[in-house]
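# I'd like to go over a predicted model; first the sequence, then the structure.
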Amino acid sequence: MAGPLAGIKIVDLSQIVSGPMAVALLAEQGAEVIKVESPGGDPVRVLGPRKGDRSSMFIAVNRGKQGLSIDLKTRGGRTILERLVRWADVLVENFRPGTMERLGFSAERCAELNPRLIFASITGFGPDGPYRNIRVYDPVVQAVSGLAATQTDREGKPGLVRNLVADKVTALTMAQAVTAALFHRERTGEAQRVDVAMVDAALAFNWPDGMYNHSFVDDPPAPFPEYGSMMRLWAAADGQVAIGFMQDIEFQAMMRSLGRHDIAEDPRLKGVAGRMQHQKEWSPELARELASRTRAELMAGFIREGAVGGLVNALPDVIDDPQIVHNDSVAMVDHGAAGRVRAARPAARFAATPAAPGSAAPGRGEHSAAVMAALGFSAAEIAGFAADGSLSA
């Protein structure tokens, strides 16, 4: 059964993670995607463990795409891209500001070639402004957006989320924005340009909790403890667990799961204010009870009482977690000579139009000849593009 975006055609000019992941999400939902790479290929092809020209990271953000390799600095490469722009519903790029203009494919030119095209552009800091010319990677965006400032150590020094969080939240933001633009076009016939700056996506992502002490402008209330300072992992007898209890019912369920009905029923501990006031009394008792039990024992109690809690899984253990297994959260994709590759199943489940994990990620230029033929180029033209270096197989 086709996904909800079946029939939508996307040209993916992006590389690394932010753009490719955004488009991979759309491909999983049924869009037809042609990934366009330079003759050198996407740099992520060689980042991390790999087989041949496909690393595990490249596979994760490029599943379900067809691979086309062209040199956009050549006349032939630009001729091919013109044909692609006319064919597509969406073009996604994450070059530095001004690159598409220098190639001759500004948003305005693309709109002339295809008035129905959604032109989606990802930049680090935006298409203009004082930081426009700075090259950007995830740690820089984490630093400027305030994400690093929420990851302080015991000395109060900022740190990085050890994960490409800015790239990935940008991908999620752009995927949603593209579908919104397509919905608008469906209703009105009007196409448009969509811009997502990584710093804007990261700031919006960080705002609800990371910036809550900086929201009120007029007569601001007293600062509240930083949300991150209230987050911690707790020791069990054989590892760690994560727990939480913002509401009374959750605090009581946690204490019942540990057999501490006396703490669960203590009237002084109703409400966040009461628990904060008497934290030095109940917190050590909680830590002692958790540390005296194995993780399996704790999980049994959490499940029985409906408490907020979960295991801190080591990375190899994630795929075998009972809930992950039950949800079929990890899919298996056949990558031919590279063998089977694990992939995260699309998180959104559509009852009528199921999304799918996508086919194998393409080798560099793997589908060049087939894509060119589908675009209407003759065998002679394809051979000519290959001969002059415009097209790579």
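In hand now; what should we look at?
# Touching the lowest-mean-pLDDT helix or strand in the chain from outside, list them.
One helix or strand of the chain scores below all others by mean pLDDT, DSSP states H and E: helix 271-277, with a mean of 90. Residues outside helix 271-277 that contact it (Cβ atoms under 8 Å, 6 or more residues apart in numbering): 246, 248, 251, 268-269, 282. The C-beta positions use only the backbone N, C-alpha and C, and glycine is treated the same way.
# what's around F385, how many residues?
When neighbours are counted by other Cβ atoms under 10 Å, F385 registers 23.
# Leaving out sequence neighbours, find the closest residue to it.
Closest residue to F385 apart from its sequence neighbours, by Cβ to Cβ, 6 or more residues apart in numbering: L391 at 3.8 Å.
# Now the phi/psi pair for the one you found, please.
The phi/psi pair for L391 (degrees, to the nearest 10) reads phi -130, psi 130.
# Please tell me I have it right and it contacts S69.
Yes - with contacts counted by Cβ atoms under 8 Å, L391 reaches S69, the gap being 7.1 Å.
# More neighbours: these two, which one.
Neighbour totals were compared for L391 and S69, and L391 leads with 27 against 24 (other Cβ under 10 Å).
# ok, now which ones touch the more buried one?
69-71, 76-77, 80, 365, 368, 372, 382, 385.
# need the contact list for D89.
8-10, 116-118, 182.
# Which ones among the contacts of L391 lie within helices?
Counting by DSSP state H, those place 76-77, 80, 368, 372, 382, 385 in helices.
# Tell me how far stretch 178-187 lies from the chain's centre.
Distance of stretch 178-187 from its chain centroid, counting by Cα atoms, centre = their mean, to the nearest Å, is 21 Å.
# Check the average confidence over stretch 341-358, would you?
Averaging pLDDT along stretch 341-358 yields 92.
# List the buried residues of that stretch.
Buried residues in stretch 341-358, counted by 16 or more other Cβ atoms under 10 Å: 341, 343, 345-346, 354-358.
# ok, which pair from those is furthest apart?
Farthest apart among those by Cβ to Cβ are V341 and P354. That separation is 20.4 Å.
# ok, back up a step: of the contacts of helix 271-277, which is the most crowded?
Highest neighbour count within those: F251, with 25 neighbours (other Cβ under 10 Å).
# list the contacts for the closest residue to it other than its chain neighbours?
Leaving aside its chain neighbours, F251 sits nearest to F245 (3.9 Å; criterion: Cβ to Cβ, 6+ apart). Shown in contact with F245 (Cβ under 8 Å, 6+ apart): 251, 253-254, 307-308.
# Among those, name the ones in strands.
V308 (DSSP state E).
# follow-up on the earlier one: neighbour count says what about the contacts of D89? Which are buried?
Buried residues within the contacts of D89, counting neighbours by 16+ other Cβ under 10 Å: 8, 10, 117-118, 182.
# before we move on, the earlier item: pLDDT and distance to D334 added to the contacts of L391, as a markdown table?
Below are the contacts of L391 laid out as a markdown table (pLDDT from 0 to 100; distance: Cβ to Cβ, whole Å):
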| residue | pLDDT | distance to D334 |
| --- | --- | --- |
| S69 | 97 | 23 |
| I70 | 97 | 27 |
| D71 | 97 | 31 |
| G76 | 97 | 34 |
| G77 | 97 | 32 |
| I80 | 98 | 29 |
| G365 | 94 | 20 |
| S368 | 96 | 22 |
| M372 | 96 | 26 |
| I382 | 95 | 28 |
| F385 | 95 | 31 |
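# Without its sequence neighbours, what residue ends up closest to G306?
Spatial nearest neighbour of G306, excluding adjacent residues (Cβ to Cβ, 6+ apart): A253 at 5.3 Å.
# thinking that neighbour is in contact with I303, fair?
No - with contact defined as Cβ under 8 Å, A253 does not count as touching I303 (10.7 Å).
# Now do the longest helix along the chain, average pLDDT.
Longest helix of the chain, by residue count under DSSP H: helix 165-188. If you average the pLDDT over helix 165-188, you get 98.
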